[in-house]
Each structure stands twice: as C-alpha cells, then as structure tokens.
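Visitor: Predicted model and sequence below, questions to follow.
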Amino acid sequence: MQLHQRFRTLLLFCFLSLNFFAQRFPSVHLTIKDGLPSNAVYCVLKDSRGIIWIGTDAGLVKYDGFHLKTFTKKNGLAGNFIRDIKEDKFGNLWFACYGDGLTKFGNNKYTNYTTKNGLVNSEIRTLFFNSKGKLFIGTEKGLSILNDNKFSNYVTKSLNAWGKFQLVQFCEIKNEVYFLSRTHGYFKIINLKDSNFSILKLGRNALQIHFFIFNKSKYYSVDAGFFEDKTNSKFPIESKVHKKISDILVWDEVLYKNKCFIAAYCPFCNNGGLYVMDKDSITNVSEKYGIESKQVWNLLLDKSSNKLWVATLDKGIYIVDLEPKIEFKPIKNLLFFDKNSKGTFKIQGRSFSFNNSRFNYTLSQTNFIEFAKRRIEKYRINEKSNNLKKVKGNIKILKQLLLNESATFYKAKFSESSYFVSTSNGIYELAYNGEFISFFPGVTDEFSIINSNELIWHNKHRTIYYLSKKKGLWYDIPILVDRKFLKLEESQIIKHKHSFFICNKENGILLIKPGKECTKLKLENLGGSKALSIEIKNDDLYVATNERSVLHYKIGSSIKFINKIDNDLIVGESILYINSYKNKLLVLTNRGLNIISSTNSILINQNDGLDFEDVLRSFVYENNYYLTTTKGVFILNLNQLKQFENPKIEIENIEVKNKKNSAKISNNLWQRDKGKKIIVDYNQNSITYHLKANFLYQPEKLEISYCLNNSEWKSVNNQQIYLQELAIGKFDLKLKIRDRASGFYSSYLLHTIVVKPPFYRT
C-alpha cells in the first residue's frame, strides 16, 4: 500500500472516531508501519524547500508528502541517533547525531565533525543559530560555537556527580544569546567575537528543563512540575515567588494565536501528552487530537497550513490540523435538519425540535398523533356529498395507524407565517410558537409550499396534486402531466419564482407553471441520461445526471442550454446532491464534495473530516454548507476555505537509456542544449523523468499527467514519466497539474525532445 493511501486510511479511522469522541479532530499518525525506522522521534523540521525532516534514535527521515526515506551512517551521517535538526541561512542542514558528533549536509555532500575536530563533546542535545548565523552546539558536557569550521568551547570545572552539564536550551534576546543547563542553571554568552567569548552565570537553577514566555508571563519546568515565575527577573528563576501550574514536565512549546501548545513527558509519572494553555487554564488535549502517547517530546508548527507536528518517544509522530475545515455536530438518530432565518428544524427518531431567538421546544410523535386523531374525522368520505373532495389515500388505513400511534417523521419546510411537517400519516401545519394549525391525511416525503394556504403535494408512488386550504381543511386537485396522469416515484421539487421544477429519476424534469399546468421538459443535451438532482440559483438551472455530468441551463421564456461542467472537475463515480454558492457549484459525489468554479475545483473529503456516508441531505445557508447524515451535521464555511500551498513540481533527474543494453547514459552526453530542449541520439531514445513534488498534505489530491505532441493525456505514477523507444523526430512533452486541495491548475510545456537520426540518414 502506498504511503499516501495509508494516510487516507489513517485519517478515515481517526475521523470515524468522531462518532465516539465528539471533540476529536482528524489527525495523521506515522509509525514504523509507515516507514519510520523507529517510533522514538526526537525532532522535526520543515526546511526552506518545504521538505520535512524527522530525527529518530535509529536514523534520519526525509518526507516530501509522498515518501518516507531513511538515511543512516551508511549514507554519510556521523550517527543514527538524530537529537536535533537545524537549517542555516544558506540552506545547509545540520544534524545533531547524539553520541557520534555533528553532520552538515549541503550540495549533496556530508561533512562530519567530532571531538577529533575540536567539538567539545559528541553527545549533542540541541543546536541553535543566532541572528548573525553562528552555530551554537549544546552537549552533555559543555558548549561549542562553530565559526569558520573552528570550534570554540566552554566546559565548566564542576560537572555534576554524573559528569554532566546537559545544555538543553538556547534563546536570543536583543542580539544576546542565553542558554540553560539542566544541571547548572542559566548562563549568558558575552563578548562574542569570532571564536572568542565569555560566559556569565546568571544564577543557579538546578534541574530546570525548559523555559518560555507566553502572554508576557515567564514559565519554567523543573522536576517538581510546571511553574509561573512571579519575579521581575529576565529569566524564570526558581524561587519562593512563583505559582505552580501543573505537575507535568515541559520539554517544548509552540505559540499559536492566543494559545500555547506544550509537549509534556514525565519519566517517573503518567501525566504526559499534548497540552494547551491559554490565559486561564492548561488542558490535556491528547484525546481531542487523537494522540495516544504520554511521551510528547518535540513540536513543530507549520504556519503555512496550520498543522502541528507532534513528536513522541514511543508512538512515532502525529500531524494535527489546528483549523479543520469541517465543524461536526453529532446528533443521535438524526433524520432531518434544516436551518434558515426563521429558525432550525431537527428530527431525531420519534421527536421533532424547533428553535430560534424566540422559541425552543420539542414535540413528540404523540403530540402529532393526538392532533391528527381530532382532525381526521373531518375528512369523512361521503360519496353522496360533494362538500369535500375525496382524499387520495386510504383514510381507513390512516385511521388505524393513528389508533396504533404509529408515525414516522420525514421532513419539515418553512413558510412565511407557519411551517409544515410531513409524516407517514399526513402533513401537519404548525405556527412557529409550536401550536398545531391544520392537518392533511396524505402520505408523502416530498412537497413544496406556495404559501400557507397552498401546497404542491407528491402523493407517494402516485402523482402530483395541488392542495388548497379552506376553513382549516385541505382540498386536493390532481395535476396532469401533458394532460395525462403520470405515476411518479420519489421526486425533488424546487420552487423558482411562481413555477415549480420537479426532478424525477424515471420521468425526467417536469415544470409546473402558474395555472396548474405541468409539462415534461425536453432539455437539450440531456438525451437518454437520467436526472438525479437539480439546483436552481437565480435563473440558472443545474442538472446532475447518472453519467457523472452536470448540465447548465438558463431559465427564461424558454430553457436554453449553456454548457456542460467539465467532467475533469468532478471527482467521483456518482453524484448524490448539487448545491450552489455565489459563483461556485457544489457537487457531492461518492468521493466527496467538489467545489467547482469556472476553471478549477477543490475536493473536500474524509481527509478534511467530511463523512459522506448515510447522507440525508445537503443545503447552503448564508456562508455555510450543511451536510446532514445519520451521525449528525457537518458544517463547512464556504467563505473561509483554507487554501493549501500550491504544489512545487521539479525535475529531480532525467535518465536516458541505450536501446541495445539499457545502460545509463551520463547527463552530459545528451543535455547539449540549455533550457527546455533535450537532444538525444537515435539509439538513446528511452527516457525516464524522475519528478519531485513537494506536497506534504493530502498528496492523493495531487494529479499529474503528461502528453506528447497533443496525444492523449496519461497519468504520472510514482512521480515518473516513462518515454519508451521514441521515434526519430521532435516531441513536445507537456505537463498538466491539478491540485484538488488548493484548486491549483496548470498546463505547460516541460521539455522539447529531439531524437536525432543516424548519420547515414542525415
């Protein structure tokens, strides 16, 4: 299983946990099963190229969004235990190889430094670059400063009983560098010039682990717990003037907006994990973010995507989305949900709820049944009397259902002064204060409101009726389709101005105009396709078909075809619902929600926290997209769709093989023209492009394809393009990139390839 496919499975697993832990957010969990050499992760860094580097006790890991690749001593590192990683201003990477020294990686070359080169100690705990680019190295027994490949060292004359100094943390304030020794306290580096410096001890604060400043307050962690310093000192100094915050031991922190995320681990207790601190409290949020480890050691905040990387010493690394796109409201046994300026409807099993700024109440099925029992007698069928029209339905059966107190809620709809609820025994009208107004004993799960006294009613498995209310009773008149009775199964009814559009899978799209006339529309380009769902926005009609297409029409004196939505913009084999928002079309398929504009589309799926199984309905209100399922309501803010960084596609390597022996040909034999042209000999006509795509999050949404000379587009697999046995001639190699996460789309010429003929044909 490819790595990004496993990520998708992991995200789905974490997301499904929402059903049991309502506060849990989607997260990715990487372990040795995914390719890490060890589950003990000590550090993580995102470099200037957008690549993630992960340090474990068994090797260094490079992650570009698609693959985890491990490097060890065999590749050139000084050691396999990577305790810290930093990048300098030139783009070189520096690795603290605990117990083996220091490694610099730049220009595809490894340079190692050990005590033989002057390093104070090979057990490196932490690295730090100051604002001037000097490298500070904190070890178990002292400090080293690297300048022009020369080390300047500091070693105290009084190591502790175990021979330790344990430099654990650096910081820079106003161009001055300070550091913390776990065994000896705080120090300031003074008179720092080239390779010369002095050390000023600020005070003893033994056994301190970590310090930081948050909201202008100073905090520090020692073996006794986590404290706030109440002194006026520049640094947190353990004294009597302090306030204990928690028993946790803090090893790292990152600030995010008005919160502080904390990495906690206690070797001799069980209260570690991921914590968040605000002005008033500190809370363990491990369960909320799906983190099972109590040994959280290091944190990285990726500000470009609001992702928090959480490194643990026993369960690998977690990637947490601090701003998930989807808000989820779990509702048990949900059958229906709707919301607009009038209020909110909610149907759960045998109960119906309504609330707005004035009213908030819940009605049971018994409340509805009791009202229906009193009203149904007014619909007595009297064949000799014409004072009431005969109701289409069996009143005897409905009366028996009411006596058995049987009712099933279907849906509810708003009108100006009242609302309507359809059930298995009829349609109820209620005032917004919860008082019952009228009842019609007609079974349906779809109807539309003209006004409080007129309805369009689809008699289930029969035909469509026009209902009018007089003196509290409803009269029905059948609506003929092209002057004929037409049996209709489940239908979707949408009101447009004074007309009604009816979408029926078996009979297509019907139009009811004022005057109760109904006709079957013959829409251009619909052909033999079946209409699954429709959406109307202003005068635009969108029709989703069973062939995974969406047709766009304009409603006027006639209905004119505008265009067909490009199938490349829609991910999924079948369309469930379509909605619209401003200039965007929202197409829900079996693969997720496609948010489509004129030229691009964004896919929201399970990786974003959207569950599109057991879907009841979807709708848009104000700036939010609501997807209601049997598990609850998913809410997506369409006005604040977070954009991912656009993917960066580069050529990592080009491999040219000889037709006869498939031997690799050195680049300088074929790269004879600079720029975008490649010239090869006739017997070097098999070319492989190795692409490099730095795309850390949701890589399965990145689609790369290529074509030669306007031929059919082909998908790029494993970031490689194979061009086998090209004929003699000129070929334009084009690349097409579509990123479903950000909506990015690009198509361009990658290279022009010229295959030269043999000399005897020139």
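Guide: Here it is on my side, so go on.

Visitor: backbone phi and psi for Arg358, please?
Guide: The phi/psi pair for Arg358 (degrees, to the nearest 10) reads phi -110, psi -40.

Visitor: That one - how many residues pack around it?
Guide: 8 (other CB atoms under 10 Å). From N, CA and C alone the C-beta is placed, and that goes for glycine too.

Visitor: so where is the stretch 501-650 of the chain shaky, pLDDT-wise?
Guide: Filtered on pLDDT under 70, the stretch 501-650 of the chain yields the residue ranges 516, 642-644.

Visitor: could you show me where the strands are in it, in order?
Guide: Remark: strands assigned in the stretch 501-650 of the chain by DSSP state E, counting those that start in this stretch are 508-513, 517-520, 531-537, 540-545, 550-555, 559-564, 575-581, 584-589, 592-596, 601-604, 615-621, 624-629, 632-637, 648-657.

Visitor: Among these, which comes closest to Phe440?
Guide: strand 508-513 (18.7 Å; CB to CB).

Visitor: Tell me the buried residues in that closest one?
Guide: For strand 508-513, a neighbour-count test (16 or more other CB atoms under 10 Å) marks 508-512 as buried.

Visitor: Closest one of those to Asn232?
Guide: Among these, and counting by CB to CB, the member closest to Asn232 is Ile509, at 75.8 Å.

Visitor: That closest one: what's it in contact with?
Guide: Taking CB atoms under 8 Å, 6 or more residues apart in numbering, we find Ile509 in contact with 501-503, 520-521, 523, 526, 531, 534, 543.

Visitor: If you rank these by neighbours, which is first?
Guide: Most surrounded of the contacts of Ile509: other CB under 10 Å gives Ile502, at 27 neighbours.

Visitor: what bridges to Asn624?
Guide: Tyr621, Asn637 (DSSP bridges).

Visitor: For it, which residues are in contact?
Guide: If a contact means CB under 8 Å, 6+ apart, then Asn624 has 635-638 as its contacts.

Visitor: I'd like those laid out as TSV, including distance to Tyr186 and neighbour count.
Guide: Listed next are the contacts of Asn624 as TSV, based on distance: CB to CB, whole Å; neighbours: other CB atoms under 10 Å:
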residue	distance to Tyr186	neighbour count
Ile635	48	17
Leu636	48	24
Asn637	46	14
Leu638	51	16
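
Visitor: Dump these to TSV, plus distance to Ile479.
Guide: Formatted as TSV, the contacts of Asn624 follow (distance: CB to CB, whole Å):
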residue	distance to Ile479
Ile635	36
Leu636	37
Asn637	40
Leu638	36
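
Visitor: just curious, which of those residues is nearest to Asp64?
Guide: Nearest to Asp64 among those, with distances taken as CB to CB, is Leu636, at 28.5 Å.

Visitor: re the thing from before, just give me the closest of the contacts of Asn624 to Glu446.
Guide: Using CB to CB, the contacts of Asn624 come closest to Glu446 at Ile635, 24.5 Å.

Visitor: shouldn't that closest one be in contact with Lys329?
Guide: Yes: in this structure, Ile635 is within contact of Lys329 by CB atoms under 8 Å, at 7.0 Å.
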